[in-house]
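Q: Show me the folded form of this:
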Amino acid sequence: QVQLEESGGGLVQAGGSLRLSCAASGRTFSNVAMGWFRQAPGKEREFVAHISASGSNTYYADSVKGRFTISRDNAKNTVYLQMTSLKPEDTAVYYCTATNRRYYARPITLPDCDYWGQGTQVTVSS
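A: Numbers count the residues shown, from 1 in each chain. Just a heads-up that it's a prediction; the model follows:
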């Protein structure tokens, strides 16, 4: 059974940091791009970042560029999202996703995503 399990969410003050982790099990995802989306209450799920299979290419939403860093450890089948300088508008449920290709020359979209985690809540207080 394929599973993506996020962890690391929580409550943090504005300006603080959190690191999200996404551990994959059931198969290896080292040969596909992985990413993060988020969904705030009443809003659509939106792209945050993705990383190519090799880890050499990354894409970020403009809203998080310079504050968030995506990385991966293929030996551990794990993807990370380091979030710094957090803002109240970053409050959302964050979802990890695995795509169906090694590399995308553009930000990934929902149809690119084959697997999803259950999500982890990130709340940033002002």
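
Q: Is it correct that residue 5 is in contact with residue 22?
A: Yes - counting by C-beta atoms under 8 Å, residue 5 touches residue 22, with 7.0 Å between them. C-betas here are computed from N, CA, C, even on glycine.

Q: Now residue 34: closest residue in space, sequence neighbours ignored.
A: residue 79 (4.4 Å; C-beta to C-beta, 6 or more residues apart in numbering).

Q: Determine the set of other helices and strands touching the helix or strand harbouring that neighbour.
A: When elements are assigned from DSSP states H and E, residue 79 belongs to strand 78-83. Judged by 3 or more C-beta pairs under 8 Å, 6 or more residues apart in numbering; DSSP states H and E, strand 78-83 is in contact with strand 18-25, strand 34-39, strand 46-51, strand 68-73.

Q: Tell me which of these is the most buried.
A: Per residue and on average, the most neighbours among the helices and strands packed on strand 78-83 fall to strand 34-39, with a mean of 24 (mean count of other C-beta atoms under 10 Å).

Q: what about the residue minimising distance to the centre of the chain, distance to residue 126?
A: Centroid-nearest residue in the chain: residue 36, 2.2 Å away (criterion: C-alpha atoms, centre = their mean). Distance, residue 36 to residue 126, using C-beta to C-beta, to the nearest Å: 23 Å.

Q: ok so, going back, which residues does the nearest residue to the residue nearest to the centre of the chain once chain neighbours are set aside contact?
A: Among residues not flanking residue 36 along the chain, residue 48 sits closest, at 4.3 Å (C-beta to C-beta, 6+ apart). Residue 48 sits next to 35, 36, 37, 38, 60, 61, 64, 68, 81, 94 when contact means C-beta atoms under 8 Å, 6 or more residues apart in numbering.

Q: One more pass at 10 Å, please.
A: 20, 35-38, 59-61, 63-64, 68, 70, 81, 83, 90, 92, 94-95, 97, 107 (C-beta atoms under 10 Å, 6 or more residues apart in numbering).

Q: Contacts only, for residue 7.
A: Counting by C-beta under 10 Å, 6+ apart, residue 7 makes contact with 19, 20, 21, 22, 23, 78, 96, 117, 120.
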